[in-house]
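# Model the following, please.
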Amino acid sequence: MTREITRIANPIYDGAFKYLLDDNRVARFFLSVLLGQEVVDLNLRPTEHCTDIERRCVTVFRIDFAAKIRSADGAEKLVIIEIQKAKYATDIMRFRKYLGQQYASENNVREAPAAPRTLPILSIYLLGHQLDHLREPVIRVTREYRDVCGALITGPREEFIESLTHDSIVVQIPLLKPSRQTDLDRLLGLFDQSQSDPSNAHVLSIADEDYPEKFQPVIRRLMKAISEPSVRDTMQIEDDYLGELESLERAIARKEDALAKKDDALAKKDASIAKKDASIAKKDASIAKKDASIAKKDASIAKKDASIAKKDASIAKKDASIAKKDASIAKKDASIAKKDAAIAKKDAALAEKNAAIAANQIRLQRAIAALVDQGTSEQQARRIVMG
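Residues are numbered from 1 along each chain as shown. Below is the predicted model:
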């Protein structure tokens, strides 16, 4: 039996995904199935997030909704739903940044009789890559209250805790399975890239029999997206830009690999040079040690030779000195007497000069004092007298 095939826009592209969720009815159905709870009311919230592919903000796509959700017991609550769709594992820091903006936003509150209350946040991550460890295509991260012993705490939820924590849903698109047993399987099957057209990745071919009537608004919306020129152009721009990114990443990877090889070669050369330097230094130290030993021996021999020569010269000198000393003693006595007379004469002359200098100083001081008494400054008086 031939299966009927329908061609739809590939919602893994940001342009097609945004076009899909721009329809409020489709968006409510999409989120109801994904959350497993009925979305009664849904409003697309104005954001300042960059989703324009032409401005090259394509790696992370995000869209926010204010939603009223009805649980299985009929209770309704208002929540903020943030959907983020990313293509690369490196986008995690942007996820954290956007989530922080949601917590900080003053718009995420509702009026209450006592004071405004913060709205709970539910984050949905549609990943175009696989996580490091988990291999389940859909992961629900739900909070539980437990005491220190690990026992589950039941009862009303605390606003303080609810305002500072949140639940999440993580979808790993590459791990989606071909099974279409549940509504969630069918919904996420629209992202299954194994159904992409080999000649045109912008298009998926899905089997009509996998999708009951209630999915038809979603199917029709994605069928219509194919015929929208703006959606097609946006998907093509996204392909072109991501192709540039992949080329750039490959070029960077090649350069990093080449640099790593060069660094490794340089490290090996440096190690070899260091080894050779160490060997040369060791040899130089050994040679220096031998040279020092030889020099020490030469110095010892020279010292001994000098000592012998000194002793011989000393003996000869002593013999000559004895004869000389006798003649010298008489001469020294005469010289001493002559020197004593010369010293006495010099002492007398020095005493006479000192007396003259003292007298001259007294005369100058008196002259200066006389000029000062006449009204001349001491400095001017010194110049006149000394001049």
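
# part of a strand, is residue 126?
Yes. Membership of residue 126 in a strand is supported by DSSP: H, G, I helix; E, B strand; the rest coil.

# so who does it touch?
83-86, 171, 173, 191 (CB atoms under 8 Å, 6 or more residues apart in numbering). In short, each C-beta sits where N, CA and C put it, glycine included.

# so of those, which ones are in strands?
Residues of the contacts of residue 126 located in strands (DSSP state E): 83-86, 171.

# Tell me the most packed of these, by neighbour count.
Highest neighbour count within the ones in strands among the contacts of residue 126: residue 85, with 24 neighbours (other CB atoms under 10 Å).

# How about it, nearest residue that isn't a chain neighbour?
Excluding the flanking residues, the one nearest residue 85 by CB to CB, 6 or more residues apart in numbering is residue 126, at 4.1 Å.

# now the one you found, which residues is it bridged with?
residue 85, residue 171 (DSSP bridges).

# could you redo the ones in strands among the contacts of residue 126 as CSV and give each row distance to residue 186 and pLDDT?
Supplementary listing: those in CSV, determined by distance: CB to CB, whole Å; pLDDT from 0 to 100:
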residue, distance to residue 186, pLDDT
83, 19, 73
84, 22, 72
85, 19, 70
86, 23, 66
171, 14, 89
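
# quick one: which of those is nearest to residue 353?
Closest approach between the ones in strands among the contacts of residue 126 and residue 353, by CB to CB: residue 86, at 107.6 Å.

# Downstream of the lowest-mean-pLDDT helix or strand in the chain, the next helix or strand is which one?
Across the helices and strands of the chain, mean pLDDT, DSSP states H and E gives its lowest value to strand 109-110, namely a mean of 66. Next in sequence after strand 109-110, counting helices and strands by DSSP states H and E, comes strand 117-118.

# So, low pLDDT: which residues of the chain?
Residue ranges of the chain with pLDDT under 70: 1-2, 45-62, 82, 86-95, 98-99, 107-116, 241-250, 253.

# quick one: furthest residue from the center of it?
The outermost residue of the chain relative to its centre, with distances by CA atoms, centre = their mean, is residue 330 at 96.3 Å.

# how close does it sit to residue 317?
Shown here: residue 330 relative to residue 317, a distance of 21 Å by CB to CB, to the nearest Å.

# What about residue 206, how many residues nearby?
By other CB under 10 Å, 22 other residues sit near residue 206.

# tell me the SS of it?
Going by three-state DSSP: residue 206 is strand.

# what pairs with it across the strands?
Note on residue 206: beta-bridge partners residue 6, judged by DSSP bridges.

# wait, what's in contact with it?
Shown in contact with residue 206 (CB under 8 Å, 6+ apart): 5-6, 8, 189-190, 195, 219.

# quick one: it and residue 356, what's the gap?
The gap separating residue 206 from residue 356 is 133 Å, by CB to CB.
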